[in-house]
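[1] no letters, just coordinates:
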């Protein structure tokens with residue numbers, strides 16, 4: 001009679017007027033949310049104090065940006081408004097993101113916010129969405145393919161660093177670099193004043209005004225006494241390092257270095273100082289700087305300088321020289337001998353034979369006389385030797401006789 005009783009399911013208390021732990025509602029049939037701290041909620045409406053990552057009065061919703069059975073998962077940063085489905089995390093994507101849960105970057109982007117672009121040096125424009133690493137196209141290098149290979153620059157590494165860059169190295173974007181000798185300009189693609197050529201290794205001509213010339217071919221505007229595209233020649237009649245000297249009076253043109261004549265004012269002169277006369281046997285007495293007749297030889301003379309007479313034995317020709325002006329060979333063969341010339345030759349042969357015979361006789365007579373003289377001298381020497389022997393023998397016999405006579409006296 002004090003109100004105590006046996007409790008139905010889900011109820012508790014001495015009077016069965018309380019819901020068991022984790023239950024609420026008039027019949028205690030409803031379960032408190034797992035978001036409630038200690039799984040305890042108000043018996044009447046289920047309200048409670050929420051665990052972390054839960055929200056709403058009954059703590060039956062995930063806090064913004066969370067999903068999962070226990071709201072333990074974070075919605076992707078790519079979800080628009082950073083909110084997603086509580087069960088599977090699906091959402092509408094913000095810019096630069098893609099995928100059902102918006103957790104991937106669109107092609108060509110990487111990073112946690114997909115804010116960074118893959119390098120244009122990546123093959124296909126694709127890179128790792130976490131760190132941006134990729135495989136490089138030609139002319140690119142580095143783990144993210146942001147650098148150009150050595151000696152290249154430009155947005156697509158399509159340009160070559162200037163040959164004038166020290167170490168062939170330049171800024172990857174604008175090509176600026178430190179210049180080596182003879183080069184100038186921000187990208188070292190110009191020669192310093194006074195030099196030209198692809199490697200700026202050639203000096204502009206002394207004849208260039210202000211000593212400057214075109215970088216490619218060296219062309220320039222000329223000082224006085226110079227001419228040519230590169231102003232590297234002296235005008236006619238001048239020579240010397242600075243084309244300041246006048247050629248000799250006899251020269252028509254002269255060597256630009258030493259002033260020696262290349263051609264003479266007079267066609268009848270030759271030599272490097274034009275002070276020798278051409279051979280009088282040159283036609284019009286005209287010759288080259290070396291003295292060679294340049295218009296041919298007078299009749300019956302040959303050689304380059306027309307100073308040799310054709311052989312007298314050459315047969316005459318109708319007109320012109322009887323021999324070649326180049327080598328002296330008879331044009332019409334050797335002329336035939338006359339009877340007089342033949343007889344003269346025979347007489348000369350007889351006289352020659354007589355002279356030879358006489359000379360031979362004289363030589364033989366000389367040899368005989370020399371033999372006789374040798375014989376006489378030999379005989380004389382033999383007689384002298386015989387006389388000396390006989391005298392020696394007489395003296396020897398006299399000495400012997402003296403000793404014999406002395407012996408007889410002793411007795």
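    All right, it came through fine. Worth saying up front: this structure is predicted, and the values here are computed from it rather than measured.
[2] tell me the mean pLDDT over stretch 316-331?
    Across stretch 316-331, the average pLDDT comes to 92.
[3] just give me how far that stretch sits from the chain centre.
    Relative to its parent chain, stretch 316-331 has a centroid offset of 57 Å by CA atoms, centre = their mean, to the nearest Å.
[4] before we move on, what about stretch 108-118?
    In this view, stretch 108-118 has its centroid 46 Å away from the chain centroid, taken as CA atoms, centre = their mean.
[5] okay, buried residues for stretch 285-299 please.
    Buried residues in stretch 285-299, counting neighbours by 16 or more other CB atoms under 10 Å, are found at 285-289, 291, 293-294, 297-298. Any C-beta I mention is one placed from the backbone N, CA and C, and that applies to glycine too.
[6] and for stretch 317-333?
    Neighbour counts over stretch 317-333 (16+ other CB under 10 Å) mark 321-323, 325, 328, 330 as buried.
[7] and residue 205, which of the three is it?
    Look at residue 205: counting by DSSP: H, G, I helix; E, B strand; the rest coil, its state is coil.
[8] next one: it from residue 219, what distance?
    Noted for residue 205: a distance of 10 Å to residue 219, by CB to CB, to the nearest Å.
[9] which neighbours do these two share?
    In terms of CB atoms under 8 Å, 6 or more residues apart in numbering, residue 205 and residue 219 are both contacted by the residues 213, 230.
[10] stretch 230-247 spans what distance, first to last residue?
    22 Å (CA to CA, to the nearest Å).
[11] also stretch 211-227?
    End-to-end distance for stretch 211-227: 14 Å, by CA to CA.
[12] what residues sit buried inside that stretch?
    Quick answer for stretch 211-227 (16+ other CB under 10 Å): 212-213, 215, 218-220, 222-223, 225-226.
[13] next: stretch 237-246.
    Quick answer for stretch 237-246 (16+ other CB under 10 Å): 238-239, 243, 245.
[14] likewise for stretch 169-189?
    Buried, per 16+ other CB under 10 Å, within stretch 169-189: 170, 175, 177, 179-180, 182-183, 187-189.
[15] what's the answer for stretch 196-209, then?
    Result for stretch 196-209 [16+ other CB under 10 Å]: buried residues 196, 200, 202-205, 207-208.
[16] on that earlier part again, check the buried residues of stretch 211-227 and tell me the two furthest apart.
    Farthest-apart pair in the buried residues of stretch 211-227 is 215 and 225; separation 25.0 Å (CB to CB).
[17] out of the buried residues of stretch 196-209, flag the one nearest to residue 72.
    Checking those one by one against residue 72 (CB to CB), the nearest turns out to be residue 200, at 70.0 Å.
[18] how about the contacts made by residue 76?
    84, 89, 91, 97, 99, 101-103.
[19] go on, residue 108?
    So residue 108 contacts 117-118, 125-127 (CB under 8 Å, 6+ apart).
[20] so how far is residue 65 from it?
    27 Å.
[21] next: residue 292.
    With distances taken as CB to CB, residue 292 is found 107 Å from residue 65.
[22] now residue 53
    9 Å.
[23] could you do residue 43 as well?
    From residue 43 over to residue 65 the distance is 32 Å, taken as CB to CB.
[24] next: residue 39.
    According to CB to CB, residue 39 stands 24 Å off from residue 65.
[25] repeat that for residue 28.
    For residue 28, the distance to residue 65 - CB to CB - is 34 Å.
[26] tell me the backbone dihedrals of the nearest residue to residue 322 once chain neighbours are set aside, please.
    For residue 322, ignoring the flanking residues on the chain, the nearest one in space by CB to CB, 6 or more residues apart in numbering is residue 314 at 4.2 Å. According to degrees, to the nearest 10, the main-chain angles of residue 314 amount to phi -70, psi 140.
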